[in-house]
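Undergrad: Sequence isn't available, so here's the structure alone:
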C-alpha cells in the first residue's frame, strides 16, 4: 500500500493500517518502513473480531509452506520482521470501504503471506 499511496489518494481514497502491536511498535514500524498513512493499534482485538480476521496456531504460522516464498521475497527486498505484539498469530485483512456501511472489497488472509493483490484493491476504488 505504501508504494501505491499517492495513486490511492489521487482517486479520493485513503489508507489506514491497523496493527497488533503497541503504540511504540507501531511508531517504529511507521518510521522504519516510511509509512505515509496512519497506523492504529488494535491492542484488544476489537477490530479483528468485528472484521472476522483469522488467527492461526503458532506452529502453522511458522511451518506453513505457503508463506515461505513470500518470506524469501520480503527478506530479499530488505524487509525485516518488526517486534511482534501480543497477537503474533493474528493474520491480516484488507478492506475497501465506501461511505456509509458499503464494503467494496474484502480480502481476509488465510496464511501469513496471503495478502490482497494490489490490483484488486485498486480496482475496487472509485
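TA: It's in. Since we're looking at a predicted model, the values are computed, not measured.
Undergrad: Give me the phi and psi angles of the closest residue in space to residue 57 that isn't next to it in sequence.
TA: Nearest non-adjacent residue to residue 57, counting by Cβ to Cβ, 6 or more residues apart in numbering: residue 89, 6.6 Å away. Backbone N, C-alpha and C define where each C-beta goes, glycine included. Dihedral pair for residue 89: phi -90, psi 10, per degrees, to the nearest 10.
Undergrad: what's the distance between residue 89 and residue 61?
TA: Remark: distance between residue 89 and residue 61 (Cβ to Cβ, to the nearest Å) = 5 Å.
Undergrad: ok so, going back, how about the contacts made by the residue nearest to residue 57?
TA: 55, 56, 57, 58, 61 (Cβ atoms under 8 Å, 6 or more residues apart in numbering).
Undergrad: do you know how far the last one is from residue 39?
TA: The spacing between residue 61 and residue 39, counted by Cβ to Cβ, is 21 Å.
Undergrad: likewise the third one?
TA: As defined by Cβ to Cβ, residue 57 lies at a distance of 26 Å from residue 39.
Undergrad: which of those two has more neighbours?
TA: Shown here are residue 57 and residue 39; by other Cβ atoms under 10 Å, residue 39 has more neighbours (18 against 10).
Undergrad: State the pLDDT value of the more buried one.
TA: For residue 39, the model assigns a pLDDT of 91.
Undergrad: If it is in a bridge, with which residues?
TA: Beta-bridge partners recorded for residue 39 (DSSP bridges): residue 17.
Undergrad: contacting residues for it?
TA: Contacts of residue 39 by Cβ under 8 Å, 6+ apart are 16, 17, 18, 19, 26, 29, 30.
Undergrad: Repeat that for residue 29.
TA: 19, 21, 35, 39, 82.
Undergrad: ok, which pair from the residues you listed is furthest apart?
TA: The distance between the two most remote of these (Cβ to Cβ) is 13.2 Å, for 21 and 35.
Undergrad: Compare neighbour counts for those two and give me the winner.
TA: residue 21 (21 against 17).
Undergrad: Helix or strand: which one has the more buried one?
TA: Here residue 21, judged by DSSP states H and E, is contained in no helix and no strand.
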